[in-house]
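Peer 1: Sequence first, predicted coordinates after that:
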Amino acid sequence: MEKEMKPVREVGKKKGLIILSAAGFIILAGFLWYSISSDKISNMNSFNVVFKANTNSSNTAGNSTNTVIVNENINVDSSANENANVNLPTNSNTNVPVNESTVNMNTAIGGSSDVSVIDTSNWETYENKQLGFSFKYPSSFGYVSSTLEVGDTGRIFRGTFSNTANIVIGGASSDYTFPSEAGFTHTYGYKSVVDGYSMLLPVTDPSLREKSVNLIKKITAVNTNGILVKTDFFEVEQTGAIFNLNHDTITGMALLKKDTETLPLDQFEAILKTFTLLTPKENTTAVINEIDTSDWNVYENSLRKFTIKYPNNWVIDEYQEESVGFRPKCCTYHEPSTIDYEVFPVHIMYASYFESLQNILKSVRPGLYTPYELGNVTGYGNYEDYDDIEQIYAPVPGNRTVYIQGMYYVVTEDAGLEFTKNDFRNIYLAMLKTFEITEEL
């Protein structure tokens, strides 16, 4: 009997066709995958790869290693070659383009840089209690010599350093009269205007009293603000700072930087940042409250050839030929620290024989003593050392000098009329105005 094999052969044929078709498809897919992958790998350097992730990812190819550490909230646009090593610091929130094979990422993302900080803790302090300002400066500058001069109208202040000419200070009252055009340190302050700032200068021509300045920066000082500026209207370009003061006469102060090489701008700025406003003392010749001295008692010294008035309710106490003290009748005054040492709110002492005012002024650094207007002479007072004492050196005939001292800190334990510091100073300044020499010097 012949076997029926045909169906079996037909089934095998179909299976063979299926196997051949599947194999061909696999070969074709492999070829396409290889072609595409090879093309991508060969052109990897022409692609910009952007990682946006919260994890760390690394890619190793061949013998060279590309390591990209990607942290939270970081977008890295990388076109580096396959030898680049890029390391981003943890917790950075900066988008950083990496364009070089060697990159200092701390610099690229604005990492910390060395900032020169000038230590002013050991600097010297210049303090002008009369005008009400102070500032620090390097001790190598020496000491400050200052003068407050009275002009035909108004006043002018000048200050220089003993060891350097690189910086000068100065200011003037708004009514000061200059023989020629005012300079940088003759300012009486600055003001804000629509297009910037103007320096105020005490000149007679109203159109020249406000001069526009070029602002370099605003200065934040200890308890006030100022401006650092450049000017070009004083024949040469100048750099300096201007501060407004609280003084009733000298209302502005300038610090002029004269040398740009030996006084760097950062050191000049460090000086400016120490500028401090103080409570200024009253004007040297101003009485706090005007006092009628017409009926006051008169004290006369026939040996030193001077007279001075004092209140009717005050008494005098002369000690041999060395001094005379003035105090209210009501009370005995003393220093706050002791009740044993009697002192006088106003006291006049006599210099040694032939001790002239000129020699006294020569014995101290220039500018330390400020002029006082007395009755018919000019005296000089010391503001630098004390808050509650003023001592005026006044010339008298015979090439001699007397010291007229006001002491505002005195107290009393006696019952009776009490005086405040302003009361004492008011009487003291009124007495100074009555001081008269009775013979020519």
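Peer 2: That came through fine. What you see is a predicted model; the values in this text were computed from it and never measured. Numbers count the residues shown, from 1 in each chain.

Peer 1: what's the domain layout of this structure?
Peer 2: According to automatic domain parsing, the chain comprises the domains 1-42, 48-100, 124-277, 297-437.

Peer 1: Switch the ones you listed over to TSV; also include mean pLDDT, mean neighbour count and distance to I118.
Peer 2: Using the backbone N, CA and C atoms, a C-beta is placed for each residue, glycine as well. Below are the domains of the chain laid out as TSV (pLDDT from 0 to 100; neighbours: other C-beta atoms under 10 Å; distance: least, C-beta to C-beta, whole Å):
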stretch	mean pLDDT	mean neighbour count	distance to I118
domain 1-42	48	9	57
domain 48-100	39	13	30
domain 124-277	88	17	4
domain 297-437	86	16	26
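
Peer 1: Output the ones you listed as TSV; include the columns distance to V117.
Peer 2: What follows is the domains of the chain, written out as TSV (distance: least, C-beta to C-beta, whole Å):
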stretch	distance to V117
domain 1-42	53
domain 48-100	25
domain 124-277	9
domain 297-437	31
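
Peer 1: okay, now L441: neighbour count?
Peer 2: 14 (other C-beta atoms under 10 Å).

Peer 1: Now do the contacts for it.
Peer 2: By C-beta atoms under 8 Å, 6 or more residues apart in numbering, the contact set of L441 is 377, 395-397.

Peer 1: now do T293
Peer 2: Counting by C-beta under 8 Å, 6+ apart, T293 makes contact with 309, 430-431, 433-434.

Peer 1: May I ask which helix or strand encompasses the residue nearest to F344 when sequence neighbours are not counted?
Peer 2: Leaving aside its sequence neighbours, F344 sits nearest to G325 (C-beta to C-beta, 6 or more residues apart in numbering; 3.2 Å). Using DSSP states H and E, G325 sits in strand 323-328.

Peer 1: which strands and helices sit next to that strand?
Peer 2: Packing partners of strand 323-328 (3 or more C-beta pairs under 8 Å, 6 or more residues apart in numbering; DSSP states H and E): strand 297-301, strand 314-319, strand 346-350.

Peer 1: which residues touch it?
Peer 2: 299, 301, 310-311, 313-319, 333, 343-350, 416-417, 419, 431.

Peer 1: at 10 Å instead, please
Peer 2: With contacts defined as C-beta atoms under 10 Å, 6 or more residues apart in numbering, strand 323-328 is touched by 297, 299, 301, 308, 310-311, 313-319, 333, 342-350, 402-403, 405, 407, 410, 412, 414, 416-419, 423-424, 427-428, 431.

Peer 1: Show me what secondary structure element comes after it.
Peer 2: Using DSSP H and E, the helix or strand that directly follows strand 323-328 along the chain is strand 333-334.

Peer 1: Following element in sequence after that next one, please.
Peer 2: strand 342-343.

Peer 1: what packs against that next one?
Peer 2: strand 323-328, strand 333-334 (3 or more C-beta pairs under 10 Å, 6 or more residues apart in numbering; DSSP states H and E).

Peer 1: Nothing else from me, thank you.
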